[in-house]
Structure formats: C-alpha cells, structure tokens
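Student: need a 3D model of the following:
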Amino acid sequence: MKRGKKYRESIKKFEPSNSFDLAEALGLVKSLAYAKFDETVDLSVKLNLKKSQSVRDTVVLPNQFRGEKKILVFCKPEKEKEAQDGGATFVGADELIEKVKGGWTDFDVAVATPDMMKDVGKLGMVLGRKGLMPNPKTGTVTFDLKGALAELKKGRIEFRADKTGVVHLAVGKVSMESESLAENVKAVISEIKRKKPSDAKGEFIQTVSVSSTMGPGIWVSLKEGE
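Tutor: Now for the predicted structure:
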C-alpha cells in the first residue's frame, strides 16, 4: 500500500523494528501524529490462540475520551422506567424492533432483557453486521438494566479477538496525557490476560503495538506485571 509523504517522513524519526516501553511508545505516537484532527490512539494485541479459542469481554477504561453514547434498550413495558431512569436514549419493544428491522441503527450500544432476545435475535442481519447485537458475555443481555446502563455510561466498551487472534481497540486521543493513555492500555491488557483460555499454551500475548489514526505502529515491550 502506497503511503503519503507525511507518513513516510514520520517513519524516518524512529527505527520501526525497535520496541519501546509503554511510556516511550505513547510519547512517539503523540509526537508522530500529523493529522489536523485529534487522532485516535489505537491498541493492537496479537494473541496466541487456537482456532477453537476466543477472547471476548468488556472493560471500563479509567480515562474516557468519547462523547455521550446513545444507548438503545429492548425491554417489556414494566422495565421501561428503569431503562429511562438509567439514561437510555431509546427504550421500547416491538416498535423498536420493527424500526431496526427496517435498517435504523442510530445508536452506539444495544441492551436487551433476556425475555426480549427471542425477537431481538431475529435482527442478526442488521445488528450482527454492525457489532450491535446484545450478548450475555458483554453484559448487554440482562434484567439488571440499572447496573448495565451505569457501566455503559462510565465507558464500558467491548473487545474481542478477530479471526487472526488480534484485539484492536481505541484507547484514547492524541491530545490526552501520556499517563492517561498508559492507564487505559494497562486496563485493556489486564482484562485480556484475565480472559486467557484455560487450555491456552505458550506465551499468550505475542505482540503489542500502538498507533494513531494516521501514524505508524509502534511496538511495545511490556514490563513484567503490565
């Protein structure tokens, strides 16, 4: 893939094959960012997984960097007040299901009570494609709407390993302090380690890198305990 002039210039400022401790790596990401907008800082973690193994969970980042999320809740009428009081943007049952079935996805997260999943599950073609399908593993299928919404409001986000065993996740903005970015990275790494499959063999985390939206990837050498 052909890269732009600014990208090629940024590559000359460090040795791409070297790895750096987390603070140095994030400092490089910030210094090499050249876009006119506030670039997102992305984390990539390559895991040693078999085809039969998966890693998927959620994490609440210590330092938030995104605006207010639009949360949709599928629930029966008796749970609507709990969802509304919890800060849900959209609350409903059949009428919302029909709206989504028509292709509407103007929300960031979908939550459903278990008694709604029989119908919500039929929205796989719309919600599944956009990664919005409620899932018990990520705490978005629950009767505890108050607790789920509180966590989502705090910034709980989902992470999952793709088919190649790589977890990609946005962890902040270039404008944030390096210390805040490092805290977010460490929180994600800690949760990934916690989800290590019991039958995983060898070194679980193989490589870690950070980058900005437009900038080059920087290899991270994590110290013991990070």
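Student: domain assignment for this protein?
Tutor: Domain assignment for the chain by automatic domain parsing gives 18-64+157-220, 71-154.
Student: out of these, which gets nearest to K5?
Tutor: When those are compared by CB to CB, domain 18-64+157-220 sits nearest K5, at 9.9 Å. For glycine as for every other residue, the C-beta is placed from the backbone atoms N, C-alpha and C.
Student: and that closest one, how far apart are its ends?
Tutor: 9 Å (CA to CA, to the nearest Å).
Student: stretch 136-149 too?
Tutor: End to end - CA to CA - stretch 136-149 spans 14 Å.
Student: how near is G121 to E95?
Tutor: Distance, G121 to E95, by CB to CB, to the nearest Å: 17 Å.
Student: the more surrounded of the two?
Tutor: More crowded of G121 and E95, by other CB atoms under 10 Å: G121, with 14 against 8.
Student: tell me the contacts of F65?
Tutor: Neighbouring residues of F65 by CB atoms under 8 Å, 6 or more residues apart in numbering: 170, 172-173, 176.
Student: what is the nearest of those to A25?
Tutor: Distances from A25 to those, taken by CB to CB, are shortest for G172, at 13.0 Å.
Student: other SSEs contacting the strand or helix carrying that closest one?
Tutor: For G172, the host element (DSSP states H and E) is strand 166-173. If you count contacts as 3 or more CB pairs under 8 Å, 6 or more residues apart in numbering; DSSP states H and E, strand 166-173 packs onto strand 40-47, strand 156-160, helix 178-194.
Student: chain center to the helix or strand following the first one: distance?
Tutor: Under the assignment DSSP H and E, the closest C-terminal helix or strand after strand 40-47 is strand 56-60. Averaged C-alpha coordinates place strand 56-60 at 7 Å from its chain's average position (CA atoms, centre = their mean, to the nearest Å).
Student: mind listing what L123 touches?
Tutor: Counting by CB under 8 Å, 6+ apart, L123 makes contact with 97, 100-101, 133.
Student: what subset of those is buried?
Tutor: 97, 100, 133 (16 or more other CB atoms under 10 Å).
Student: what is the burial count for the nearest residue to the last one once chain neighbours are set aside?
Tutor: With CB to CB, 6 or more residues apart in numbering as the measure, L127 is the residue that lies nearest to M133, at 4.2 Å, once sequence neighbours are left out. For L127, the number of neighbouring residues by other CB under 10 Å comes to 20.
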